[in-house]
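Undergrad: here you go, sequence then predicted model.
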Amino acid sequence: MILFIIRVLNKFRLLTFFNINATILLNDKEFRIPILSKLGLSNLYMSEPWMIDLLKVITQIGNEKFVDVGVNVGQTLLKLKSVSNDINYIGFEPNPSCVNYSTKLIKLNNFKNTLLFPFGIADKTQIAELVFFYESDVDSSASIIQNFRPNQTIHHKEYVPIFDVNSIKTVASFDDISIIKIDVEGAELEIIRTFKETIKKANPIMMVEVLPVYNAENKDRLSRQNEIEAILKECNYSIFRVNKVNETLKGFKELQEIGIHSDLNDCEYIFMPNSKKELFNSLCQNKNLSVVSC
């Protein structure tokens with residue numbers, strides 16, 4: 001009934017005047033979803049369901065600590081909690097609207113072992129310009145990388161704090177990271193740079209969105225992508241592209257390099273420590289997920 005009411009209110013553009021709590025079933029577990037003047041509506045119709053099956057695989061390799069860089073409104077948090085209640089979660093989000101929403105989501109569900117920090121992560125500590133391309137206060141395409149989308153109209157900007165990893169070690173421990181998820185609209189390189197020594201030491205699995213270069217003329221994106229690949233090689237990691245069909249996880253394709261492409265369906269990657277590849281391949285085989293090499 002409550003979902004019907006939300007749909008009706010949204011249809012008649014009245015939802016912005018209400019704060020409502022709804023319930024969803026995710027991976028056979030119930031979660032309460034706050035709708036705050038439309039914020040959080042996307043959590044009722046969860047995108048990227050394939051990620052749950054991905055998490056089921058990689059949490060079997062490491063289930064100690066999950067670092068989420070780019071929390072937004074808690075999409076990954078909900079999926080992770082549907083798979084593992086025990087794993088420690090540390091989230092970083094610079095957008096104040098997203099922080100406010102995700103804080104309420106955490107409290108409403110009484111999530112344990114969950115920390116949310118109201119700032120971003122990068123390779124230097126500074127006040128950054130967060131550029132929004134859409135009206136939404138929780139625009140998931142917002143980026144701190146200047147001119148990342150040079151042909152797209154900027155809707156508005158906000159100024160947000162970002163920190164390098166070394167400056168926050170007194171409040172956040174990264175020694176036993178199992179998994180790092182990075183979804184930061186172009187700032188992947190800065191995250192990997194600042195976590196480089198931690199990556200070498202802890203060998204976490206990395207779930208990373210890397211948006212397409214599109215063509216060789218896009219020299220800035222290509223240069224940044226090449227540097228990511230160089231760091232991965234230095235840290236003894238392999239690159240796997242997530243293969244999904246109709247939002248269903250089918251397997252992984254091991255790549256020598258990300259390369260130049262324009263397919264937005266091919267933007268999700270697993271950066272896997274070579275020391276964990278054998279176990280990863282075995283778990284995929286047990287779950288009938290293909291792993292092919294290019």
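TA: Alright, I've got the coordinates.
Undergrad: which positions within the lengthiest helix in the chain qualify as buried?
TA: For the chain, the helix reaching the highest residue count under DSSP state H is reported as helix 219-234. Neighbour counts over helix 219-234 (16 or more other Cβ atoms under 10 Å) mark Arg221, Leu222, Arg224, Gln225, Ile228, Glu229, Ile231, Leu232 as buried. The way it works is simple: take the backbone N, C-alpha and C, and place the C-beta from them, glycine included.
Undergrad: how about the residue positioned nearest the centre of the chain, nearest residue that isn't a chain neighbour?
TA: Central residue of the chain (Cα atoms, centre = their mean): Asp183, 3.8 Å from the mean position. Among residues not flanking Asp183 along the chain, Gly70 sits closest, at 4.1 Å (Cβ to Cβ, 6 or more residues apart in numbering).
Undergrad: list the contacts for the one you found?
TA: The contact partners of Gly70, taken as Cβ atoms under 8 Å, 6 or more residues apart in numbering, are Phe92, Glu93, Lys181, Ile182, Asp183, Val184, Glu185.
Undergrad: run the chain-centre distance for the longest helix of the chain.
TA: Computed by Cα atoms, centre = their mean, to the nearest Å, the separation of helix 219-234 from the middle of its chain amounts to 19 Å.
Undergrad: ok so, going back, make sure the residue nearest to the centre of the chain is actually in contact with Thr76.
TA: Yes - under the criterion of Cβ atoms under 8 Å, Asp183 lies in contact with Thr76, with a separation of 7.5 Å.
Undergrad: what packs against the longest helix of the chain?
TA: Secondary-structure packing of helix 219-234 (3 or more Cβ pairs under 8 Å, 6 or more residues apart in numbering; DSSP states H and E): helix 188-194, strand 237-245.
Undergrad: pLDDT on the shortest one, on average?
TA: For helix 188-194, the per-residue pLDDT values average out at 98.
Undergrad: mind listing the strands for the stretch 51-200 of the chain?
TA: If you assign secondary structure with DSSP state E, counting those that start in this stretch, the strands in the stretch 51-200 of the chain sit at 65-69, 88-92, 114-117, 120-121, 126-132, 156-163, 179-182.
Undergrad: ok, back up a step: quick check: the residue nearest to the centre of the chain vs Met51, distance?
TA: Taking Cβ to Cβ, to the nearest Å as the measure, Asp183 and Met51 are separated by 11 Å.
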